[in-house]
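Colleague: only the shape, not the letters, is given here:
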């Protein structure tokens, strides 16, 4: 067991295991042999420039895209080999926070949060659903927005509600796609704090996709740098950037991290 | 470079353009066929989204009522007004209720309802699903263990298939009322007499063919607009294109289906 910040990583328990993953879109070979392990209680940040296939990687983990080659094992299930029903069951343990928040425009915040719960936990009473919604909103600090429409929320609030919607199913794994993209520095820091808070409070394991080094530094136990479809370096933030590779150094220089 | 090789070089790209377009066309037809097959696979598999189907029926049916009422009433009045001079030339204005009823029930009600629904509902579905697709809402639904195809597509196609025939029957009634208003104002025909004259030329086959056409039109509107919306790409521009293509393609197919069904039904007429 390794103690990192305020949480514990169980290095004996792999929740995600990816081996030799390949994915192409036409002639564009995006992922060229990815290997990655995510351990219980760990936050792994996948760092890379736009268009390097970071989002593709987590969409493959969630079963939204099919890999061309390789294996993806999530909580002991080979995502490629299980049936659609089994995949649906597996997805109940995965929380996916989208880059665009992906809140349902035609539903209020309350309905957005109720949606996954009502469809997957039909035995719950109205009171239990109400309590779960309030608890999830409370976890992201936005209880007052319960009756608002997504269009009435700011970018940061939408991200938080998106995270609350995933938390309501009490996932084991959280996948964050560019959680701070398009947000001002202060809101970005609040989102970073929220990611850590979610990890500590719900003991989730997370993969955070980002090109924001501040986000990577404050949320990641381990950083994996994705370049040209492969992980060129993995380790702690300090280990990754104490590196002579010009491609990684230039990434650091452009982010003006202090 | 001689003239022949110059011409060959100029022609080559054009040939490729045509073959690429043909390729894209047949790929689209194949993908659309697969989409329809997927619809039927999901249609009979549980869970059945009854609540969402009812909500969609409300959206398609009740929300289109005002437009259908207005267009139906105007269609009835205008068609009667336009037909009167031709009939009065032969002193046959007493045939007006009959002519109007045949025209409305056999052709106008299904076609106009289909076209109006394609415009109103088709564009709405295309834009809504397209917007959901580009903002990752469909992916969000999928990762929250909900089958988005069943929840979004199957429910909408069922709703349009069920509601268009009902809207067609409603439009026929409203259009006949419009026609009666005009006939009553000009010929002082009573309502009972109008209905008796109107319906003496209508048989079961007329009504059956209209309902059949409406079912086919409703399915077409639903499946075409869902296909366009569900496969939207290229952001907001794609959403506009999905809405537009949904309407244009649905209307085009409605006319083709109209011709085919009329031809088939005519074989059964004695």
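Modeller: Yep, it's here. Remember, it's a predicted structure, so these values are computed and weren't measured experimentally.
Colleague: now the stretch 1-150 of chain A, which segments are flagged as low pLDDT?
Modeller: Along the stretch 1-150 of chain A, segments meeting pLDDT under 70 span A:1-7.
Colleague: name the SS class of residue A:46, please.
Modeller: strand (DSSP: H, G, I helix; E, B strand; the rest coil).
Colleague: number of nearby residues for residue B:188?
Modeller: 8 (other Cβ atoms under 10 Å in any protein chain shown). (Glycine included, C-beta is placed from N, CA and C.)
Colleague: how close does residue A:81 get to residue A:57?
Modeller: 19 Å (Cβ to Cβ, to the nearest Å).
Colleague: tell me which of those two has more neighbours.
Modeller: Neighbours were counted for residue A:81 and for residue A:57 using other Cβ under 10 Å; residue A:57 has more, 28 against 11.
Colleague: what helix or strand is that one on?
Modeller: Element membership for residue A:57 (DSSP states H and E) is helix A:54-61.
Colleague: can you name the next helix or strand after that helix?
Modeller: strand A:69-74.
Colleague: just the angle between that next one and helix A:54-61, please?
Modeller: Following axes from the mean of the first three to the mean of the last three Cα atoms, to 10 degrees, one obtains 70 degrees for the angle between strand A:69-74 and helix A:54-61.
Colleague: would you mind listing the buried residues in strand A:69-74?
Modeller: For strand A:69-74, the buried set under the neighbour-count rule, 16 or more other Cβ atoms under 10 Å in any protein chain shown, comprises A:70, A:72, A:73, A:74.
Colleague: got it, and stretch A:91-109?
Modeller: A:91-104, A:108-109.
Colleague: equivalent analysis for stretch B:202-211, please.
Modeller: B:202, B:206, B:209, B:210, B:211.
Colleague: quick one, what contacts the second one?
Modeller: For residue B:206, the contacting residues are B:102, B:105, B:106, by Cβ atoms under 8 Å, 6 or more residues apart in numbering or on different chains.
Colleague: if I've got this straight, it is in a strand?
Modeller: No: judged by three-state DSSP, residue B:206 forms no part of a strand; its state is helix.
Colleague: relative to chain A, how far out is it?
Modeller: Residue B:206 sits 40 Å away from chain A, going by Cβ to the nearest Cβ, to the nearest Å.
Colleague: surely residue A:183 and residue A:192 touch.
Modeller: No: if you go by Cβ atoms under 8 Å, residue A:183 and residue A:192 don't touch, sitting 10.1 Å apart.
Colleague: what residues are up against residue B:148?
Modeller: By Cβ under 8 Å, 6+ apart, the neighbours of residue B:148 are B:138, B:141, B:142.
Colleague: and it, what's its pLDDT?
Modeller: pLDDT, residue B:148: 93.
Colleague: excluding chain neighbours, what is closest to it?
Modeller: Ranked by Cβ to Cβ, 6 or more residues apart in numbering or on different chains and with sequence neighbours excluded, the top spatial neighbour of residue B:148 is residue B:141, at 4.2 Å.
Colleague: in stretch A:213-230, which residues are buried?
Modeller: So, applying 16+ other Cβ under 10 Å, buried residues of stretch A:213-230: A:213-227, A:229.
Colleague: which positions in chain A make contact with chain B?
Modeller: Within chain A, the residues that sit near chain B (Cβ under 8 Å from any Cβ of the partner chain) are A:59, A:62, A:64, A:84, A:88-89, A:91-92, A:94, A:96, A:98-100, A:102-106, A:115-116, A:119-120, A:165-166, A:169.
Colleague: ok, longest helix in chain A?
Modeller: Once chain A is assigned using DSSP state H, the helix that runs over the most residues is helix A:185-202.
Colleague: hmm, who's touching that helix?
Modeller: Residues contacting helix A:185-202 (Cβ under 8 Å, 6+ apart): A:5-7, A:41, A:43, A:139-141, A:154-156, A:159-160, A:163, A:167, A:170-171, A:174, A:176, A:179-180, A:183, A:204, A:206, A:208, A:212, A:214-215, A:218-219.
Colleague: among those, name the ones in helices.
Modeller: Per DSSP H, the contacts of helix A:185-202 map to helices at A:139, A:155, A:156, A:159, A:160, A:163, A:167, A:214, A:215, A:218, A:219.
Colleague: want to throw these into JSON lines with distance to residue B:193?
Modeller: Compiled in JSON lines, the ones in helices among the contacts of helix A:185-202 are given as follows (distance: Cβ to Cβ, whole Å):
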{"residue": "A:139", "distance to residue B:193": "72"}
{"residue": "A:155", "distance to residue B:193": "67"}
{"residue": "A:156", "distance to residue B:193": "70"}
{"residue": "A:159", "distance to residue B:193": "68"}
{"residue": "A:160", "distance to residue B:193": "69"}
{"residue": "A:163", "distance to residue B:193": "69"}
{"residue": "A:167", "distance to residue B:193": "69"}
{"residue": "A:214", "distance to residue B:193": "83"}
{"residue": "A:215", "distance to residue B:193": "79"}
{"residue": "A:218", "distance to residue B:193": "84"}
{"residue": "A:219", "distance to residue B:193": "81"}
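Colleague: SS state for residue A:11?
Modeller: Quick answer, by three-state DSSP: residue A:11 is strand.
Colleague: please name the nearest non-neighbouring residue to it.
Modeller: residue A:39 (5.3 Å).
Colleague: now for that neighbour: which residues touch it?
Modeller: A:9, A:10, A:11, A:12, A:13, A:14, A:15, A:205.
Colleague: please redo it, this time with the cut-off set to 7 Å
Modeller: Contacts for residue A:39 were tallied using Cβ atoms under 7 Å, 6 or more residues apart in numbering or on different chains; they are A:9, A:10, A:11, A:13, A:14, A:15, A:205.
Colleague: residue B:181 now?
Modeller: residue B:77.
Colleague: which residues touch the host helix or strand of the residue nearest to residue B:148?
Modeller: Residue B:141 belongs to helix B:137-143 when assigned by DSSP H and E. Outside helix B:137-143, the residues that touch it by Cβ under 7 Å, 6+ apart are A:62, A:64, A:91, A:94, A:96, A:98, A:102, A:104, B:132, B:148, B:151.
Colleague: biggest separation within those, which pair?
Modeller: A:94 and B:132 (20.3 Å; Cβ to Cβ).
Colleague: residue 121: neighbour count?
Modeller: You didn't pick a chain, so chain A it is. Residue A:121, neighbours per other Cβ under 10 Å, totals 14.
Colleague: meant chain B actually
Modeller: Residue B:121: 29 neighbours (other Cβ under 10 Å).
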